[in-house]
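A.B. asks: pasting the sequence and the predicted model now:
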Protein chains: 2
Amino acid sequence: MSKATSNGQQLWNKVPKANAELFALTYGALVTEVVRDADENLATVNEKLEKIGYSIGIRCVDEFLAKSNSPYCKTLAETAEVLGKTAFRMFLGIVVDVVQHSPSSFSLNFQDNPLSLFVELPENYKELEYSILYCGVIRGALEMLNYKVDCQFVKSPLKGDDTHEIKVDVKQVMSDGAGEDYQEE
Amino acid sequence: MSKATSNGQQLWNKVPKANAELFALTYGALVTEVVRDADENLATVNEKLEKIGYSIGIRCVDEFLAKSNSPYCKTLAETAEVLGKTAFRMFLGIVVDVVQHSPSSFSLNFQDNPLSLFVELPENYKELEYSILYCGVIRGALEMLNYKVDCQFVKSPLKGDDTHEIKVDVKQVMSDGAGEDYQEE
């Protein structure tokens, strides 16, 4: 078992918890609300849910860094490992496989999805990216770590796939302003 | 320790869980969305959040009855005890005091509120009943048990009180149609 995995398990055991079902129903209420607000324009709904995720991701990364005691990641591969094995475990309690495609791209694969516990999409909602919140959370969290990324579901059981796959592509590695300032001193 | 309390603890240990912080942030996103949708009309927001809770309550009560193996409650006092000691524990992991005011009225008192983990209300949002979702959940759940109730927060730390108090007043005890049908046979 990798350090990131065992760290994830320990964190999951320690963090305060809520009932997964209530969480899923609350997220369902959020999706319903956004769908109504966007007059069922599903492209707008996806964009909105992604943005909500982004705000949550920015918030979560602070909490994660404060609590996880994860090592400094020197490469994207290391960051991906910590994201999939430690952060996903800490925040969702699920086990995620991390597949590195290239130095700038990786996938997170998982079976259980706490957000979509009770969900089946009707035919006319097939374009709804129900769990796109995750993509926003990942984009927000990685941006705080200086990675600008594209992030999307490429597989989802809600669309007939066997498993969930979120693919993350790094578009830009930003230089860390604060870091450089400190170096100049 | 009462039967309802120990049953609540056991259920809480058994149910699938999510990260409490992520739950609180997701609920926060829902509140934000409803506030925006209602053009910041806080009376409308409260009403909307209560209705969302009502839908969740109708759903939760089924799950609760299926999983909790709670005894049939003959009086409101017994129902209140199971609601506060078993159901609140199972769904929120929190310990609740139940105070019976009259044969048709009781209060649930608690310190920790998973929904409002990070929340402080600005001065112009003092009328927002941030956690009114609970009132809707209770109203929905009790209605499935044939109690029509009024349910409201009479104390909340978000409004300067020491503790949370939700007061439940039974307005009507509905007769259970199905039960009567069965009796006629």
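C.D. replies: All right, it came through fine. Numbers count the residues shown, from 1 in each chain, chains lettered A, B, ... in the order given.
A.B. asks: please save the CA atoms from stretch A:24-44 in CSV.
C.D. replies: Extracted C-alpha coordinates of stretch A:24-44, given in CSV (Å, rounded to 0.1, in the frame of the first residue of the first chain):
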residue,chain,number,x,y,z
ALA,A,24,-26.5,12.7,-1.9
LEU,A,25,-30.0,14.0,-1.5
THR,A,26,-28.7,17.5,-0.7
TYR,A,27,-26.6,17.4,-3.8
GLY,A,28,-29.6,16.2,-5.7
ALA,A,29,-31.5,19.2,-4.4
LEU,A,30,-28.7,21.5,-5.6
VAL,A,31,-28.7,20.0,-9.1
THR,A,32,-32.5,20.3,-9.2
GLU,A,33,-32.3,23.9,-8.2
VAL,A,34,-29.7,24.7,-10.8
VAL,A,35,-31.6,22.9,-13.5
ARG,A,36,-34.7,25.0,-12.7
ASP,A,37,-32.7,28.2,-12.5
ALA,A,38,-31.2,27.5,-15.9
ASP,A,39,-34.6,26.7,-17.5
GLU,A,40,-33.4,23.2,-18.1
ASN,A,41,-30.6,24.4,-20.5
LEU,A,42,-28.2,21.6,-19.6
ALA,A,43,-25.1,23.2,-21.0
THR,A,44,-25.7,26.1,-18.6
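A.B. asks: for it, which positions count as buried?
C.D. replies: Buried residues in stretch A:24-44, counted by 16 or more other C-beta atoms under 10 Å in any protein chain shown: A:24-31, A:33-35, A:37-38. C-beta: built from backbone N, CA, C; applies to glycine.
A.B. asks: would you mind pulling the contact partners of that stretch?
C.D. replies: A:45, A:48-49, A:52, A:114-119, A:125, A:127-128, A:130, A:133, B:18, B:23, B:26-27, B:29-30, B:33-34, B:36-37, B:52, B:55-56, B:59-60, B:133 (C-beta atoms under 8 Å, 6 or more residues apart in numbering or on different chains).
A.B. asks: in terms of helices and strands, where is the nearest residue to residue A:55 once chain neighbours are set aside?
C.D. replies: Closest residue to residue A:55 apart from its sequence neighbours, by C-beta to C-beta, 6 or more residues apart in numbering or on different chains: residue A:140 at 6.6 Å. Assessed by DSSP states H and E, residue A:140 sits inside helix A:133-144.
A.B. asks: strand partners of the helix or strand immediately after that helix in the chain, parallel vs antiparallel please.
C.D. replies: The helix or strand immediately downstream of helix A:133-144 is strand A:147-155, counting by DSSP H and E. Using DSSP bridges, strand A:147-155 pairs in its sheet with strand A:164-173 (antiparallel).
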